[in-house]
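In: Here is the input, now give the coordinates:
(chains A and B, ligands or ions: 2)
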Amino acid sequence: MNQPVYRAAVFGATSAIASEFLRALCEDHEAELLLFGRDESRLEATAADLRARGATCTVRTADFLDFEHDWKAELDGPTWDLFLVAHGSLPDQDRSLGEGAAIAREIGVNFTSQAVIAAACAEILDRQGHGRLAVIGSVAGDRGRASNFLYGSAKAGIAAFMAGLQHRFAERQAIHVSLLKPGMTDTPMTADLPKGPLFSPASKVGRLGWKAVRSGKPTAYLPGWWAGVMTVVRSLPSSVLHKTKL
Amino acid sequence: MITRRFTSWGRLEAARAAAVEPAWLDEIELGPAPRLAYGLGRSYGDSCLLDGGTMIDTRHLDRLVRFDAKTGLLSAEAGITLDAILRFCVPSGWFLPTTPGTREVTLGGAIANDVHGKNHHRVGCFGNHVPRLELMRSDGSRTITSSGEELHAATIGGLGLTGMITRAEVQLVPIRSASLDVELIRFENLDEFAELSTESGDGWEHTVAWIDCLARAEHVGRGIFIRGNWAESGDLQPHAEGGPTVPLDFPGFALNPLSIRLFNQTYHNRFPGKSKRLVQHYSPFFHPLDSVHEWNRIYGKRGFYQYQSVVPAAAGIGPVRAMLEAIAAARQGSFLAVLKSFGGVASPGMLSFPFAGLTLALDFPNRGRRTLDLFSQLDRIVREAGGRLYPAKDARMSPADFAAGYPRLEEFRRHVDPGFTSDFWKRMNP
Ligand SMILES: Cc1cc2nc3c(=O)[nH]c(=O)nc-3n(C[C@H](O)[C@H](O)[C@H](O)COP(=O)(O)OP(=O)(O)OC[C@H]3O[C@@H](n4cnc5c(N)ncnc54)[C@H](O)[C@@H]3O)c2cc1C
Ligand SMILES: NC(=O)c1ccc[n+]([C@@H]2O[C@H](COP(=O)([O-])OP(=O)(O)OC[C@H]3O[C@@H](n4cnc5c(N)ncnc54)[C@H](OP(=O)(O)O)[C@@H]3O)[C@@H](O)[C@H]2O)c1
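Out: Ligands and ions are numbered 1, 2, ... in the order given. Presented below is the predicted three-dimensional model:
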C-alpha cells in the first residue's frame, strides 16, 4: 500500500465513539492524528491505543468553551483530510433547567462549541478545496421530548447548522460534510442509564460512523435502523407523543 | 453508581450489584468493599458474580497500551476482549498464544481463570504467556507483577480474588495465514481416542475431540478427533463481525434426549469416510459457537451447567469412560462434550486448573435434583482418580473437593485481597 498519509484533527478525541471511529480509520489508512481534548492523561491513553494501531498522534489540550479560541491558527499548516467534532455531554436535565448558567453550559458544550469549531474547519476546507467534516449529533435532536429536550435542542441546533454547511458546499464535489446521529450507545456518557435492547456498543457505532464519513454520507443514523425509529417518533402526532414517557 | 444485574454464562443465577464502570486507567475507583472485577461473564457459574456487593465492570477499559511489532509483545488494558485483540493483530500476522473456545472473553478474565486452548499440550495455559501484569489492590496501590513472583502466580488463575488486574502483557505468536490445515478423524472408542491423542501430540499443534456422549454399550466413547496446524500461507483476514442471535429462551422441551441424539448423530455423520481434511479459518476452528450469539439461551430459562474435570494422565482413560457411562445411563445428554489431553507444561498459577491428563467438559440442561445427583456420581469418579474441577465452569462443587483438588490453596489464601470476594469464594468458604 502506497497511499498518502491520512491527516485528521479530532475534537473530543477521548469520546468512546470517537475512539472507535479512529480505530476503524486506522484499519484503512496510515493516519496522522491531532487529538484535542481537555484532559491530558486521557488524551495520552487514547493516543497510545491509536499508536499501537499504527497511527502517528499528537495530543493537545484545549478549552472548547473558550469561544474566542483561534482554531484556524491552531490548525494552520498541513492539508487536512478530515475534521471530526465529537465532544458532547448528557446533562442531568431536571437539575440543569432550574439554573440559567447550567442551561448555557450544556448548550455551550453540545451546540455552541461544536458550531464554533465546525465553522473554523469549514473555512479551512473551503480554502483547501477538499476534505471532510463530520460532527456527532444525536437522534435526540430529531424531536423535542420531555425526557431530554435540553440536550436534544442543542443537537437539533447542530443538525440545522450542518444542514446549512451542506447546502453551502453543495456545488463543491470534493468537500463532504456529514452529520452522524448515534442512537443510544453504551459509553461512559450513558453510565447512569439502564441498558436496554436499544443500546448499541460504541465499537459498532464508531465503526459505522467511519464508514458513513468515508462514503461521504450527509446524514447517517448509527446504527441505520434508528432512521426508521426516528421517522416514527417524528411523525407521532403530539396528542399521541404527549401520552408517552419518551 | 447504579445497581444492576450481572449474569454468568450458565444463567443459573444472576447477581444484583452496585456497578462501577471505570473508563480510564488513571482514574479507577474500586467502589465499596466487598467487590469483584467482571469481564464478559463467560464463566458458567458463580466465580464471576458477587451478589449484593460491588462489581467492577471492565468493559470500557479496552485500550491497547503498547505493541511491539518486532517481538509481538502486546500490552493492553484488562477489559479488552480477545475478539478485539484478534481483529487488531491478525492482519499483521500475529495471533494469541492460545485461545479458549470463545473469543468473547476479556484479557483480565482470561488471566484470572488462566484459560487453556486446543494447544495446551504444546504451550501450556494463557498465563504462561503473560510475562507481566498490573494489579490494583483495595488499598489503592498498583503493583506490577512478573512471572516468577508469588503475587503473579496467585493472580494468574486467581479468580479475581487478589485484586483488579488493570493491564497486562501478552506475548503474541506469529502466523502466516489466518487458516489452519485441519484433519477430522472418526474414532469408535476411547482407546482409539487415546491412540490418536498420543500420535498427534508431536505433529499437531491443536488437538481436541468431540464425544457422542449418548452412545451406548460398545459405542461409548465414539467421537471425532480434530487436529490442526496453522497453514503455511494464505490471507490474514480476521474474523467477521456479527452473526445471528438466539432471540428468546428456547422452551425446555426442545432439548429432550431425542433432539440431543439427533444433534449428536448428525454431527457424528458429518462426513462419510474415516477421516477428512480441510482448510478452515481460525474462527470456526477455535470459536465455532461464536457465530451464534447468546446460544446459551437454547437451554431455556432454567439455565444449564457445565461440568469440566481433569484427571491425571496416570489414571488412564478409565475415569473418562466411567463418567461417560454414568452420563449415558442417566440419559442426561450433553449438547457438547469435549475431550482433550493436557500436556506437561507447568501451569503458572497457584489455582490454575490444567495439569497433565485428560480433561472432559460437558453441558447439562438444569433439571434440578436429577442433574445434581448425576454430578455427585461424577464427582466420586474424579475424586478417586485424583482429579479436579474447573472453577470457571462450576456452580456446585463442594468445598472439600475444591480443597482436595487444589493443593496450593492455602498458599493462595495469603494473597487474597480482603476487599475482594465472589459468590464462588463464599461458597468455598462457608
Ligand atoms: C463458549 C465458551 C467456551 C469456552 N471455552 C473455554 C476453553 O476452551 N478453555 C477455557 O479455559 N475456558 C473456556 N471458557 C471459559 C471462559 O474462557 C472463562 O470463563 C473466562 O475467564 C471468561 O472471561 P470473562 O472475560 O468473561 O470473565 P468473567 O467470566 O466475567 O470473569 C472470570 C473471572 O475473572 C475475574 N476477572 C475478570 N476481569 C478481571 C480483572 N480485570 N481483574 C481481576 N479479575 C478479573 C472475575 O472476577 C472472575 O473471577 C469458555 C466459555 C464459553 C462461554
Ligand atoms: N452515548 C450515547 O448514547 C450518544 C447518543 C447520541 C449521541 N452521542 C454523542 O456522541 C458524542 C460522543 O459521546 P460518547 O457517547 O462517546 O461519550 P463519552 O465517551 O462520554 O465522550 C464524551 C466526550 O465529550 C467530551 N466532553 C464532555 N464534556 C465536555 C466539556 N465540557 N468540554 C470539553 N469536552 C467535553 C469528553 O471529554 P472528557 O474525556 O475530557 O470528559 C469526551 O471526549 C457526543 O457528542 C454525544 O453527544 C452519544
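In: what's the weakest-modelled helix or strand in chain B?
Out: The weakest-scoring helix or strand in chain B, judged by mean pLDDT, DSSP states H and E, is helix B:257-268 (a mean of 61).
In: Contacts for the helix or strand following it, please.
Out: Under the assignment DSSP states H and E, the closest C-terminal helix or strand after helix B:257-268 is strand B:275-281. Strand B:275-281 is touched from outside by B:178-186, B:228, B:231, B:234, B:237, B:239, with contacts defined as CB atoms under 8 Å, 6 or more residues apart in numbering or on different chains. C-beta coordinates here come from the backbone N, C-alpha and C atoms, glycine included.
In: Look at residue B:218 and report its pLDDT.
Out: The model reports residue B:218 with a pLDDT of 80.
In: Pull up the gap between residue A:242 and residue A:148, please.
Out: Relative to residue A:148, residue A:242 is positioned 15 Å away (CB to CB, to the nearest Å).
In: Just to check, residue B:375 is in contact with residue B:305?
Out: Yes. At 7.4 Å, residue B:375 counts as touching residue B:305 under the criterion of CB atoms under 8 Å.
In: list the residues that contact both of the two?
Out: Joint contacts of residue B:375 and residue B:305 (CB under 8 Å, 6+ apart) are residue B:396.
In: CA-only coordinates of the helix or strand encompassing residue A:74, as PDB, when you get a sec.
Out: Assigned by DSSP H and E, residue A:74 belongs to helix A:71-75. Presented in PDB, the C-alpha positions along helix A:71-75 are these (Å, rounded to 0.1, in the frame of the first residue of the first chain):
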ATOM      1  CA  TRP A  71      -9.000  27.400  15.900                       C
ATOM      2  CA  LYS A  72      -7.800  28.400  12.400                       C
ATOM      3  CA  ALA A  73      -4.500  29.400  13.700                       C
ATOM      4  CA  GLU A  74      -4.300  26.200  15.700                       C
ATOM      5  CA  LEU A  75      -5.000  24.100  12.600                       C
END
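In: Check which element follows it along the chain.
Out: Proceeding N to C from helix A:71-75, the next assigned helix or strand is strand A:82-85, under DSSP H and E.
In: Go ahead and name everything in contact with that next one.
Out: If you take CB under 8 Å, 6+ apart as the criterion, strand A:82-85 is touched by A:6-12, A:18, A:21-22, A:25, A:114, A:117-118, A:121, A:124-125, A:131-136, A:213.
In: Among the residues you listed, which ones are in helices?
Out: A:18, A:21-22, A:25, A:114, A:117-118, A:121, A:124-125, A:213 (DSSP state H).
In: possible to save those as JSON lines with distance to chain B and neighbour count?
Out: As requested, the ones in helices among the contacts of strand A:82-85 are exported to JSON lines (distance: CB to the nearest CB, whole Å; neighbours: other CB atoms under 10 Å in any protein chain shown):
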{"residue": "A:18", "distance to chain B": "13", "neighbour count": "26"}
{"residue": "A:21", "distance to chain B": "14", "neighbour count": "32"}
{"residue": "A:22", "distance to chain B": "12", "neighbour count": "28"}
{"residue": "A:25", "distance to chain B": "14", "neighbour count": "26"}
{"residue": "A:114", "distance to chain B": "22", "neighbour count": "27"}
{"residue": "A:117", "distance to chain B": "23", "neighbour count": "26"}
{"residue": "A:118", "distance to chain B": "26", "neighbour count": "23"}
{"residue": "A:121", "distance to chain B": "26", "neighbour count": "27"}
{"residue": "A:124", "distance to chain B": "30", "neighbour count": "18"}
{"residue": "A:125", "distance to chain B": "30", "neighbour count": "22"}
{"residue": "A:213", "distance to chain B": "19", "neighbour count": "23"}
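In: For residue B:165, list the residues it contacts.
Out: Taking CB under 8 Å, 6+ apart as the definition, contacts of residue B:165 comprise B:37, B:78, B:107-108, B:111-112, B:133-136, B:155.
In: what do you get if the cut-off is 6 Å, keeping everything else the same?
Out: Counting by CB atoms under 6 Å, 6 or more residues apart in numbering or on different chains, residue B:165 touches B:78, B:108, B:111, B:133, B:135.
In: That one should be in a strand, yeah?
Out: Yes. Assessed with DSSP: H, G, I helix; E, B strand; the rest coil, residue B:165 lies in a strand.
In: now it, which residues is it bridged with?
Out: Beta-bridge pairing for residue B:165 (DSSP bridges): residue B:135.
In: Neighbours of residue A:51, how many?
Out: By other CB atoms under 10 Å in any protein chain shown, the residues close to residue A:51 number 18.
In: Check the secondary structure at it for me.
Out: helix.
In: Spatially nearest residue to it (excluding sequence neighbours)?
Out: Nearest residue to residue A:51 in three dimensions, chain neighbours excluded: residue A:57, at 5.6 Å (CB to CB, 6 or more residues apart in numbering or on different chains).
In: In contact with the spatially most distant residue from the centre of chain A, which residues?
Out: In chain A, residue A:239 marks the outermost C-alpha relative to the chain mean, sitting 32.1 Å out by CA atoms, centre = their mean. If a contact means CB under 6 Å, 6+ apart, then residue A:239 has no contacts.
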